[in-house]
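Chemist: sequence? don't have it. structure:
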């Protein structure tokens, strides 16, 4: 890959893990075309973890099902990265939602993490934007991921305390939407959104912390309670 002294320092450094040769090559070209530096593209979880430990990239993009068993090796490797190298952002790119591991991936440290579904990433611009959001410490969750994980928590106490409107707001919060975006999506005023968000924080016992991460913590608390349901 060609880089110049002026732009190399500004590039996000990415390591990719995908067993499909065609998809792996396609993702490499897409990421490079968007100005990201693909440090390595690995066919399995073992080589992926070795590469991440060696190169310490800004972000990794990992498939869930990888050799040798094609079950959840990729997602398990992503959990290892989250544990060993918390400064490395993680995006899981999968064909399906692996609920148990997905909840574990999102729990504990609600920053620099994403879970996107391959079949629903139709807009390459949105995909690259999600990569940059996660690399910057944000969260990017496919709406279907949010829906499936939240369904696990449907009969738990935290969920039962929320009104249907608060559930709608929570769903959009989990997708990383701002109050303004939630207002447009639900056709309600921003003031009403703020009241719903405040009520969610109160019902989930999230005291003010001086930052915006209560939004993600609210969703994660809900999902974590769902593990017991």
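Modeler: Thanks, I have the structure now. Only a predicted model underlies this, so the values are computations on that prediction, with no experimental measurement involved.

Chemist: can you map out the strands along the protein?
Modeler: 13-17, 37-42, 59-62, 89-94, 113-117, 139-141 (DSSP state E).

Chemist: okay, those strands, which one's buried deepest?
Modeler: strand 59-62 (a mean of 27; mean count of other Cβ atoms under 10 Å). For the C-beta atoms, the positions are set from N, CA and C on the backbone; glycine is no exception.

Chemist: can you tell which of the strands of the chain is closest to residue 102?
Modeler: Among these, the nearest to residue 102 by Cβ to Cβ is strand 113-117 (5.7 Å).

Chemist: Could you give the bridge partners of the nearest residue to residue 11 once chain neighbours are set aside?
Modeler: In space, and not counting its chain neighbours, residue 11 is closest to residue 37: 4.1 Å by Cβ to Cβ, 6 or more residues apart in numbering. Under DSSP bridges, the beta-bridge partners of residue 37 are residue 13.

Chemist: Report how many residues lie close to the nearest residue to residue 203 once chain neighbours are set aside.
Modeler: Once flanking residues are discounted, residue 203 sits nearest to residue 161: 4.4 Å by Cβ to Cβ, 6+ apart. Applying other Cβ atoms under 10 Å, we find 13 residues neighbouring residue 161.

Chemist: Is it correct that residue 161 is in contact with residue 201?
Modeler: No - counting by Cβ atoms under 8 Å, residue 201 is not a contact partner of residue 161; they are 11.8 Å apart.

Chemist: For this structure, which segments count as helices?
Modeler: Per DSSP state H, the chain carries helices over the ranges 21-33, 45-55, 73-84, 99-106, 124-135, 143-152, 157-160, 164-174, 179-186, 190-203, 214-226.

Chemist: Now the weakest link among those, please, by mean pLDDT.
Modeler: Of all these, mean pLDDT reaches its minimum on helix 157-160 (a mean of 63).
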